[in-house]
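Visitor: Everything below, folded, please.
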Amino acid sequence: MHILPIGPRDEIPVRDGRPVFLNDHPGNPVSVAPGFFAVRVTHADVSRLGQAVAPRDLRDKLVDASVSLLRNSERVRFDPSDGSELRYADSGVAYGASGRPLFPRLDPAVIGIVELTGAERILLGMNAQRKNYFSLIAGYVSHGENLEDAFAREVLEETGRRVGDITYVASQPWPVSGSLMVGMRGFTEDEDQQAETDGELAEMIWVGARDILECRIPIAPPGSIAHDMIHKWANEKQH
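Guide: Got it, this is the predicted structure:
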């Protein structure tokens with residue numbers, strides 16, 4: 001049995017660059033994969049076992065799954081169909097009194113590049129709740145939407161720009177919110193805001209490749225799909 005201890009802020013103990021696994025734990029470990037489990041521990045436990053590292057810095061599929069499934073088991077404790085207490089089995093699947101399987105929730109979200117047509121500049125926004133860096137436009141997919149529609153809606157709601165010619169770029173699990181981040185890319189002819197916004201962004205700026213590569217502005221941290229996509233775009237424009 002391999003049990004991954006996870007701290008209260010989803011920090012992971014690491015030694016020599018590798019996650020630390022336990023052979024046993026008195027808590028209630030959640031099954032992540034055959035032979036692998038996750039359990040919530042204190043920050044002191046994490047510090048005792050190794051260096052505390054954020055999941056995004058490890059880029060490990062098993063770690064991502066462990067954090068996501070553990071958080072899901074903590075948030076979803078009762079069967080919504082009959083109110084019975086859930087018991088969790090293999091890979092985070094839960095069962096209530098009815099015996100029907102309840103699969104762990106995964107929330108899809110879109111995030112992406114908005115490029116100004118013919119100008120080789122992209123639009124970045126600073127979240128009103130996190131005013132320490134600029135990132136890509138993002139938001140959750142609503143019922144009845146495909147990914148392209150969701151991205152177009154989020155860009156319009158958050159920036160007041162209309163975006164088209166939308167394509168898929170990449171994806172990344174985001175276990176701290178139980179999400180799957182789906183990277184998109186689209187183009188706009190709206191250099192200026194064309195509609196009212198929802199106030200989610202405190203500031204919006206157009207930036208070029210040199211602004212990014214020469215670190216003229218703070219952007220989303222390494223380990224995030226936003227950081228990867230921004231730098232990939234900038235590097236492509238420099239060649």
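
Visitor: from here on, contacts and neighbour counts on C-alpha atoms
Guide: Fine.

Visitor: what bridges to I113?
Guide: Note on I113: beta-bridge partners R185, judged by DSSP bridges.

Visitor: isn't it right next to R121, touching?
Guide: No - applying Cα atoms under 8 Å as the test, I113 and R121 come out as separate, 9.8 Å apart.

Visitor: So between these two, which is more surrounded?
Guide: I113 (27 against 21; other Cα atoms under 10 Å).

Visitor: so what's that one up against?
Guide: Applying Cα atoms under 8 Å, 6 or more residues apart in numbering, we find I113 in contact with 122-123, 136-137, 184-186, 229-230.

Visitor: helices or strands next to the lowest-mean-pLDDT helix or strand in the chain in the packing?
Guide: Across the helices and strands of the chain, the lowest-confidence element by mean pLDDT, DSSP states H and E is helix 55-58, at a mean of 88. With contacts taken as 3 or more Cα pairs under 8 Å, 6 or more residues apart in numbering; DSSP states H and E, helix 55-58 sits against helix 61-75.

Visitor: Would you mind identifying the next helix or strand past the helix it packs on?
Guide: Using DSSP states H and E, the helix or strand that follows helix 61-75 towards the C-terminus is strand 87-88.

Visitor: Off-centre distance for that following strand?
Guide: Counting by Cα atoms, centre = their mean, to the nearest Å, strand 87-88 is centred 25 Å from the centre of its parent chain.

Visitor: Outside of it itself, list whatever touches it.
Guide: Defining contact as Cα under 8 Å, 6+ apart, one finds that strand 87-88 is touched by 30-31, 73, 94-96.

Visitor: Am I right that H143 is in a strand?
Guide: No - assignment of H143 by DSSP: H, G, I helix; E, B strand; the rest coil gives coil, placing it outside any strand.

Visitor: Near it, how many other residues are there?
Guide: Other residues near H143 come to 7 when the count uses other Cα under 10 Å.

Visitor: Need the phi and psi values for it.
Guide: Backbone torsions of H143, given as degrees, to the nearest 10, read phi -60, psi 140.

Visitor: related to what we said a few turns ago, show me the contacts of strand 87-88 that map onto helices.
Guide: Assigned to helices by DSSP state H, the following of these qualify: S73.
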